[in-house]
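>>> here is a sequence together with a model predicted from it:
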Amino acid sequence: MGIVSIKTVSPAAQLGLWRMTESWEELFEMLDLPATDLAVLENIPKPNRRQEWLACRVLLKEMLGKEAVIGYDTERKPHLTGSSMEISMSHSGEYVCVYLRGGASVGVDIQRMKPSISKGSFYFLNEKEQSWVDLENNVQMHLIWSAKESVFKYAGDADIDLKKHITTSPFSGNQNGRFEVNLQKGAVQEVVRVQFDTFDEYVLTWTI
């Protein structure tokens, strides 16, 4: 199927969504990978992981109108080699998404919803969140989890803990909208706004 959508979400930002119906071999044929990326691909043993890795790069090519190389810093935060454009990527189920923005850090996350997420709520919900969340609201629970993942990527710090350092403010609605997330990064607190959308059995969140 390929591209589901490429949206301009702000004057400086694009959000792309791709549904993976192609095999990794088909996706590979859509790219002209440099030697460094070929070496990375050869070390990915599972076909579905190769599919996800390649789909992100095919989608990125469609968004930019040209091929680009994705590098990673010491915190495993991705960046576009030779570009000031910020990038974040995510995959779940049949979908991958890529978020590009100029001049500001970004984070994006997609989650295929599961009925059992409340059983692991202790892993990512802190006391403040537990005072208002509805554990039976499966969409809300996944939105909180996904938003925390997006903010984690936005922060670009591997030492940040989803439960300790990222707190979601109460919000209503479960189809699309936005809410605020408090990020504690060292001694600095930052309020990060998160936009969300839902479709089929997926939730999608991104920092704005």
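Good, I have the coordinates. Numbers count the residues shown, from 1 in each chain.
>>> who touches the nearest residue to residue 141 once chain neighbours are set aside in this structure?
The shortest distance from residue 141 to any non-neighbouring residue, by Cβ to Cβ, 6 or more residues apart in numbering, is to residue 117 (5.0 Å). Placement of C-beta: from N, CA and C, glycine included. Neighbouring residues of residue 117 by Cβ atoms under 8 Å, 6 or more residues apart in numbering: 138, 141, 142, 145.
>>> what about 10 Å?
111, 123, 124, 135, 138, 141, 142, 144, 145 (Cβ atoms under 10 Å, 6 or more residues apart in numbering).
>>> for it, phi and psi?
Main-chain dihedrals, residue 117, degrees, to the nearest 10: phi -60, psi -30.
>>> mind checking pLDDT for it?
According to the prediction, residue 117 has pLDDT 91.
>>> next: residue 1.
Residue 1 carries a pLDDT value of 62.
>>> can you check the one 5 residues further on too?
On the pLDDT scale, residue 6 is placed at 96.
>>> one more: residue 175?
Here the pLDDT value assigned to residue 175 is 79.
>>> so what's it closest to, chain neighbours aside?
residue 198 (5.4 Å).
>>> tell me which helix or strand comes right after the longest strand seen in the chain.
Longest strand of the chain, by residue count under DSSP state E: strand 188-199. From strand 188-199 onward toward the C-terminus, using DSSP states H and E, the following helix or strand is strand 202-207.
>>> in its sheet, what does the longest strand of the chain sit against?
strand 176-185 (antiparallel), strand 202-207 (antiparallel) (DSSP bridges).
>>> go through those and pick out the most buried.
A comparison of these by mean neighbour count, using mean count of other Cβ atoms under 10 Å, puts strand 202-207 on top with a mean of 25.
>>> quick check: mean pLDDT across that strand?
Averaged over strand 202-207, pLDDT sits at 97.
>>> got it, and stretch 141-157?
96.
>>> likewise for stretch 126-134?
Mean predicted confidence for stretch 126-134 is 95.
>>> so what touches that stretch?
118, 121-122, 125, 140-141, 144, 148, 161-171, 182.
>>> from these, which land in helices?
Cross-referencing the contacts of stretch 126-134 against helices under DSSP state H gives 121, 122, 140, 141, 144, 148.
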